[in-house]
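# Sharing a model prediction with you, sequence too.
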Amino acid sequence: MTPAIPAIEIHNLSKSFGPRRQRNQALRNLSLSIAQGEVFGFLGPNGAGKSTTIKLMLGFLKPDSGIMQILGKNLDQEEFRHQIGYLSEFPVFYDHLTARETLLLSGRLSGMPRQAIDQRIRILLERMTLAEAADRRVGGFSKGMKQRLGMANALVHDPEVLIFDEPMSGLDPVGRHQIKGLISELKQQGKTIFFSSHILSDIEALCDRIGVIHKGVLLYSGELNNFLGTSVSLEEQFVRAIHEANHASAA
């Protein structure tokens, strides 16, 4: 039997910023492989390289070196984009559009037929508890409402691979519970989910495998249980791994 193509494949990815004499190495030879149908948590301190990795995966930035593939397709192949749903930490919308119009625009840009878009919008607005606000202008939405609309926007074209950058950002406990439940549902549907988060309890509750990155270097990639070892919690082991990495680099 032919092995399944990984949903996300990254080999020796490097990225730096700034002038040549003062280059900031944001990523150093990052390699990751995420299987189809997997929930993968990507964690690290502020400035570790998480958002840079996501922007490279989406083609928002160009790498210095390395190879990335989504479902076996290189990032310069246009057709791969319709297989991805993306939620940024701070979703940005056209303030003059309503929630319904925002999702309609995304569906059209994804090449969906109008009937399918309308059906999908109805389902997602209800699922994200935005049905009553469907025809309100997005400019008047709260941060949490925009975050939930961003999730609906990422899902409108029913993609196979979902990439979320801090999906719980700005959400109250009810909103966080809602998004966690949705991620579990998407996993049951066989979707691949790659998400970064500072909320380690969410990583612990949702993920099959994790990657830990610090100062642009991957410290760990594998099963969550193997990373935990004998630690009481993910937070405890995460802090220990970061301290050990800092000590090693200072030695």
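Thanks, I have the structure now.

# A strand includes residue 85, no?
Yes. Following the definition DSSP: H, G, I helix; E, B strand; the rest coil, residue 85 is counted among the residues of a strand.

# Ignoring the adjacent residues along the chain, who's closest to residue 55?
residue 61 (4.6 Å; C-beta to C-beta, 6 or more residues apart in numbering). For the C-beta atoms, the positions are set from N, CA and C on the backbone; glycine is no exception.

# can you check residue 98 too?
For residue 98, the spatially nearest residue (C-beta to C-beta, 6+ apart) is residue 135, at 4.9 Å.

# What helix or strand is residue 182 located in?
helix 173-188 (DSSP states H and E).

# Export whichever helix or strand comes after that helix to PDB, keeping only CA atoms.
Scanning forward in sequence from helix 173-188, with DSSP H and E defining helices and strands, the next element found is strand 192-196. Output for strand 192-196, consisting of C-alpha atoms alone and laid out as PDB, is shown next (Å, rounded to 0.1, in the frame of the first residue of the first chain):
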ATOM      1  CA  THR A 192      -5.700  18.400   9.100                       C
ATOM      2  CA  ILE A 193      -5.200  21.200  11.700                       C
ATOM      3  CA  PHE A 194      -2.000  23.000  12.400                       C
ATOM      4  CA  PHE A 195      -2.300  25.700  15.000                       C
ATOM      5  CA  SER A 196      -0.100  27.800  17.200                       C
END
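
# next one: strand 192-196 to chain centre, how far?
Per C-alpha atoms, centre = their mean, to the nearest Å, the displacement of strand 192-196 from the mean C-alpha position of its chain is 4 Å.

# How about stretch 224-242?
22 Å.

# Report the mean confidence score over it.
Averaging pLDDT along stretch 224-242 yields 88.

# Just the endpoints, please. Distance across it?
When the termini of stretch 224-242 are compared using C-alpha to C-alpha, to the nearest Å, they are 16 Å apart.

# Contacts made by that stretch with the rest, please.
41, 43, 45, 200-201, 203-204, 207-210, 212, 214, 219-220 (C-beta atoms under 8 Å, 6 or more residues apart in numbering).

# What residues sit buried inside that stretch?
Of the residues in stretch 224-242, those buried by neighbour count under the rule 16 or more other C-beta atoms under 10 Å are 224, 227, 228, 234, 237, 238, 241, 242.

# so the last one is in which element?
Assigned by DSSP H and E, residue 242 belongs to helix 234-250.

# any idea how far that helix is from the chain center?
For helix 234-250, the separation from the chain centroid amounts to 24 Å (computed by C-alpha atoms, centre = their mean).

# Stretch 34-47 now?
Centre-to-centre, stretch 34-47 and its host chain are 8 Å apart (C-alpha atoms, centre = their mean).

# Sort out which of the contacts of stretch 224-242 are buried, if you could.
Under a neighbour-count criterion of 16+ other C-beta under 10 Å, the subset of these counted as buried comprises 41, 43, 45, 200, 203-204, 207-210, 212, 214, 219-220.

# so which two of those are the farthest from each other?
Among the buried ones among the contacts of stretch 224-242, the pair separated by the greatest distance (C-beta to C-beta) is 45 and 208, at 22.7 Å.

# can you give me the strands in the stretch 51-200 of the chain?
If you assign secondary structure with DSSP state E, counting those that start in this stretch, the strands in the stretch 51-200 of the chain sit at 65-70, 73-74, 84-87, 161-165, 192-196.

# Quickly run through the sheet partners of the fourth one, with directions.
When sheet partners are counted by DSSP bridges, strand 161-165 sits next to strand 84-87 (parallel), strand 192-196 (parallel).

# Right, I'll call it a day here.
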